[in-house]
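Student: Pasted the sequence and its predicted model underneath.
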Amino acid sequence: MYRIITVEREYGCGAGEIAQQLSEQLGWKLWDRSLTNEIAKVANVDPSCVQRCDERVDSTFSRLAKVFWRGSYESSMPLATTFDADSMVETARQVIAQVAESGNSVIVGRGAPYFLRERADAFHVFLYAPRVEKIRRLQRIGKDIREAEQLLDTIDRDRILFVKHYFGADWPTRSLYHLMVNTAIGNANVISTILSSIQVLDRKPSSVKTAF
């Protein structure tokens, strides 16, 4: 039985909103903003110090780490200078493992499908969308067209580099996911597809391989 749903996503496809609605429908704990906060707590990083960090001192992979540190709620949270990408990945690994043990969780991003790929009770989803749909969704939350296009051109490119460096895999790692869904079909249809797929797989032994 699946007790964990991980949601990996292309930037701007609405995954954060969908994950929240999915968790509410299931009555499960959503780990998105709260996951970022928990990582900061475990790493003993003071949020006020984090926000005052001068981003210019970041190394290349500390900069890339922000792609996973930032949640789907679309706000940037810089890393403290003593909390580099290696620290972030190791801390995220520990926190996500603890979250998985508690079960009944929807986890957004932060490398969760990679960390939990060996767990039989984890269902992995990848959400994506056409560029025009992502721009529409970003404009709906207040991004202007220029900012939306700039973010779309950089954030997923950084995710590709990050995943290659830390997990030795291509992003998205298609073999990792049980389901990949285009969010242009609408949030309700995405959620229905996820839940229907889980119900089908829960009724029979899983033949889906999530290793890479």
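Tutor: Noted; the coordinates are in hand. Residues are numbered from 1 along each chain as shown.
Student: how about the helices in the protein?
Tutor: Ranges of helices within the chain are 15-26, 33-42, 47-51, 60-69, 85-102, 112-115, 131-140, 145-167, 187-202, based on DSSP state H.
Student: Which strands or helices does the fifth one pack on?
Tutor: Here helix 85-102 touches strand 29-31, helix 33-42, helix 60-69, strand 105-108, helix 112-115, helix 145-167, going by 3 or more Cβ pairs under 8 Å, 6 or more residues apart in numbering; DSSP states H and E. For every residue, glycine as well, the C-beta is placed using N, CA and C.
Student: Give the buried residues for it.
Tutor: Buried residues in helix 85-102, defined by neighbour count with 16 or more other Cβ atoms under 10 Å: 85, 87-89, 91-93, 95-96, 99-100.
Student: what mean pLDDT does stretch 31-49 have?
Tutor: Confidence for stretch 31-49, expressed as mean pLDDT, is 73.
Student: Now Phe123: closest residue in space, sequence neighbours ignored.
Tutor: Ranked by Cβ to Cβ, 6 or more residues apart in numbering and with sequence neighbours excluded, the top spatial neighbour of Phe123 is Tyr2, at 4.4 Å.
Student: give me every residue that touches the one you found.
Tutor: Counting by Cβ atoms under 8 Å, 6 or more residues apart in numbering, Tyr2 makes contact with 121-123, 198, 201-202.
Student: List only buried entries from those.
Tutor: By neighbour count, with 16+ other Cβ under 10 Å, the contacts of Tyr2 hold 122-123, 198, 201 as buried.
Student: Spit out the contact partners of the closest residue to Gln139 other than its chain neighbours.
Tutor: Here the nearest residue to Gln139 in space, its sequence neighbours aside, is Ala148; by Cβ to Cβ, 6+ apart that works out to 6.2 Å. By Cβ under 8 Å, 6+ apart, Ala148 lies in contact with 12, 134-135, 138-139.
Student: Please pick the buried ones from the residues you listed.
Tutor: 12, 134-135, 138.
Student: What ranges in the chain fall below the confidence cut-off?
Tutor: Across the chain, the ranges flagged by pLDDT under 70 are 46-84, 205-212.
Student: From Asn37, how far off is the closest residue to Lys134 other than its chain neighbours?
Tutor: Spatial nearest neighbour of Lys134, excluding adjacent residues (Cβ to Cβ, 6+ apart): Gly12 at 3.5 Å. Note on Gly12: its distance to Asn37, by Cβ to Cβ, to the nearest Å, is 23 Å.
Student: surely Gln21 meets Asn189?
Tutor: No: contact criterion Cβ atoms under 8 Å: Gln21 and Asn189 do not qualify, at 11.7 Å.
Student: So between those two, which is more surrounded?
Tutor: A count of neighbours by other Cβ atoms under 10 Å puts Gln21 above the other of Gln21 and Asn189, at 17 against 13.
Student: could you list every residue that touches that one?
Tutor: Gln21 neighbours (Cβ under 8 Å, 6+ apart): 187, 191.
Student: redo that, cut-off 10 Å
Tutor: Applying Cβ atoms under 10 Å, 6 or more residues apart in numbering, one finds that Gln21 lies in contact with 14, 30, 106, 187-188, 190-191.
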